[in-house]
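Peer 1: Have a look at this fold, sequence not included:
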């Protein structure tokens, strides 16, 4: 019976079958490919449960042909990729010529002109960020994980870069950063520096946006088993209990913060989770309204394939 | 005098970038598609090529593959400067031996220019 499964998936399917039969809890929704009667590979989604047949445990399997869905996915991601490329071209033009104006390459600007051009430049940077977020989302959606450029580094460097990125926003609200004990020593880990900085920027900018003035943001770290456990804690408005289950959804924004910070897209945490999971880690949170929120995430000490 | 060839179908890119270089230090050549870029590269043998990917007639990766089959082109220094950040494209470009892959929109024009100058051994 194993013969109709595409060769490269036979071990995976066989292994999961065996473990399930031994009573182990194995995720039974996964994808692989089967070979049809013309010898063509067809992607399928597996859904199975253990039943009792004639007094013996048996595996009842439903395979759903997902080639149509895969094809639509591929077309969608191609569309997103091409259209964001098209969007980035004019954005590059605005960015580069804005930069040349700000650097006064073709003449001096009076303070008001400088300010106006700076507003254009900043709005454009936000637009670039949005397009980049959409691209990231399309990567997560299609299951094409982020391509990680992993290196062994001190994770504290990623924190200081992200803090540096957020200094202006923090100073405006007189919010200070506090390092917990776990930051006294090196936090050596194998990770993609840019992606982790992006993830930290998403967490920290949320904390900044959704905290009152003169509060603190606290970072901490401890080692447990094969993982670093890291946390970012704020003393902000928190996430309403009734909405907490939706926080990692795309485009989700909590009710209590819409008035405070109108400009979010609701993609930051969705992307943050995609980045952490691509590293083989987990992310979750703890939040009390008007007390604050802590985001926890783990990163493996050793790289996972 | 160093020679730099910028291959890009977007006039704004050519204009903003060309303005960054001192004409006494660097001779900037431009081309607006892969076919023209390939011809210019063969004839002028530039010290560095800045190559866009999505272009009419012949795209960047096709041109790069052609270049790598040529005796001189095999060793030519190429930096990809594109707004495409698809992982498969990056992988293809790396497989064809590129020095670096820059996503335009993530870079300031001055930083791109600084990178080019460094690569050419200029200050």
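Peer 2: That came in fine, so what should we check first? If you're wondering where the values come from, they're calculated on a predicted model, not measured in any experiment.
Peer 1: Looks like residue B:9 contacts residue B:35 (just checking).
Peer 2: No: applying Cβ atoms under 8 Å, one finds residue B:9 not in contact with residue B:35, separated by 11.4 Å. All C-beta atoms are positioned from the backbone trio N, CA, C, and that covers glycine.
Peer 1: Looking at those two, which is more packed in?
Peer 2: residue B:9 (20 against 16; other Cβ atoms under 10 Å in any protein chain shown).
Peer 1: ok, now which ones touch that one?
Peer 2: Neighbouring residues of residue B:9 by Cβ atoms under 8 Å, 6 or more residues apart in numbering or on different chains: B:32-33, B:52, B:54-56.
Peer 1: ok, and of those, which contact chain A?
Peer 2: residue B:54 (Cβ under 8 Å from any Cβ of the partner chain).
Peer 1: List only buried entries from the contacts of residue B:9.
Peer 2: Listed as buried from the contacts of residue B:9 are B:32-33, B:52, B:54-55; burial here means 16 or more other Cβ atoms under 10 Å in any protein chain shown.
Peer 1: what's the pLDDT at residue 47?
Peer 2: If you meant another chain, say so; for now it's chain A. If you check residue A:47, the pLDDT there is 86.
Peer 1: oops, chain B please
Peer 2: So, for residue B:47, pLDDT stands at 92.
Peer 1: buried sites along the helix or strand where residue A:15 lies?
Peer 2: Using DSSP states H and E, residue A:15 maps to helix A:10-21. Buried residues in helix A:10-21, defined by neighbour count with 16+ other Cβ under 10 Å: A:13, A:16-17, A:20.
Peer 1: Over to stretch B:35-55?
Peer 2: B:35-38, B:40-41, B:46-55.
Peer 1: now stretch A:55-63
Peer 2: Buried residues in stretch A:55-63, counted by 16+ other Cβ under 10 Å: none are found.
Peer 1: cool, and stretch B:64-79?
Peer 2: Neighbour-count burial for stretch B:64-79, counted by 16+ other Cβ under 10 Å, picks out B:64, B:66-68, B:73, B:76, B:78-79.
Peer 1: Now do residue A:42: how many residues are near it, please.
Peer 2: 16.
Peer 1: now for the helix or strand hosting it, which elements pack on it?
Peer 2: Using DSSP H and E, residue A:42 falls within strand A:41-53. Here strand A:41-53 touches helix A:10-21, strand A:30-35, strand A:56-65, helix A:67-102, going by 3 or more Cβ pairs under 8 Å, 6 or more residues apart in numbering or on different chains; DSSP states H and E.
Peer 1: how far out from the middle of the chain is the longest one?
Peer 2: Relative to the centre of its chain, helix A:67-102 is centred 19 Å away, using Cα atoms, centre = their mean, to the nearest Å.
Peer 1: now check the helix or strand following it, is it near chain B?
Peer 2: Moving toward the C-terminus from helix A:67-102, the next helix or strand (DSSP H and E) is helix A:111-141. Yes: counting by Cβ under 8 Å from any Cβ, chain B has neighbours in helix A:111-141: A:128, A:131-132, A:135, A:139.
Peer 1: After helix A:111-141, which helix or strand is next?
Peer 2: Going C-terminal from helix A:111-141, and assigning secondary structure by DSSP H and E, you next hit strand A:150-154.
Peer 1: hmm, that next one in reach of chain B?
Peer 2: No: Strand A:150-154 stays clear of chain B (Cβ under 8 Å from any Cβ), getting no nearer than 14.0 Å.
Peer 1: ok, stretch A:155-168 near chain B or not?
Peer 2: No: using Cβ under 8 Å from any Cβ, stretch A:155-168 never reaches chain B; the gap is at least 13.8 Å.
Peer 1: how about that stretch: buried residues?
Peer 2: Neighbour count says stretch A:155-168 has A:155-156, A:158-159, A:161-163, A:166 buried, by 16+ other Cβ under 10 Å.
Peer 1: now stretch A:119-128
Peer 2: When neighbours are counted by 16+ other Cβ under 10 Å, the buried residues of stretch A:119-128 are found to be A:121, A:124, A:127-128.
Peer 1: Output those in CSV, with pLDDT and distance to residue A:284 appended to each entry.
Peer 2: Formatted as CSV, the buried residues of stretch A:119-128 follow (pLDDT from 0 to 100; distance: Cβ to Cβ, whole Å):
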residue, pLDDT, distance to residue A:284
A:121, 91, 37
A:124, 91, 35
A:127, 87, 31
A:128, 89, 30
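Peer 1: for these, which one is nearest residue A:88?
Peer 2: Comparing the buried residues of stretch A:119-128 against residue A:88 with Cβ to Cβ places residue A:128 closest, at 7.4 Å.
Peer 1: Contact partners for the closest one?
Peer 2: By Cβ under 8 Å, 6+ apart, the neighbours of residue A:128 are A:88, A:91, A:95, B:105-106.
Peer 1: Could you identify which of the residues you listed has the most neighbours?
Peer 2: residue B:105 (27 neighbours).
Peer 1: Excluding covalently adjacent residues, which one is nearest to that one?
Peer 2: residue A:88 (4.5 Å; Cβ to Cβ, 6 or more residues apart in numbering or on different chains).
Peer 1: Isn't the one you found up against residue B:82?
Peer 2: No: Residue A:88 is not in contact with residue B:82 according to Cβ under 8 Å; the separation is 9.2 Å.
Peer 1: Now for the two: what residues contact both?
Peer 2: B:103-104.
Peer 1: okay, the angle between the lowest-mean-pLDDT helix or strand in chain A and strand A:30-35?
Peer 2: Every helix and strand of chain A was ranked by mean pLDDT, DSSP states H and E. The lowest is helix A:10-21, at a mean of 83. Orientation check (axes from the mean of the first three to the mean of the last three Cα atoms, to 10 degrees): helix A:10-21 against strand A:30-35 gives 130 degrees.
Peer 1: So which of the contacts of residue B:9 is the closest to chain A?
Peer 2: residue B:54 (6.2 Å; Cβ to the nearest Cβ).
Peer 1: and the closest residue to residue A:28 other than its chain neighbours, how many neighbours?
Peer 2: Nearest residue to residue A:28, sequence neighbours excluded (Cβ to Cβ, 6+ apart): residue A:48, at 4.8 Å. Residues lying near residue A:48 (other Cβ under 10 Å) number 18.
Peer 1: All good on my end, thank you.
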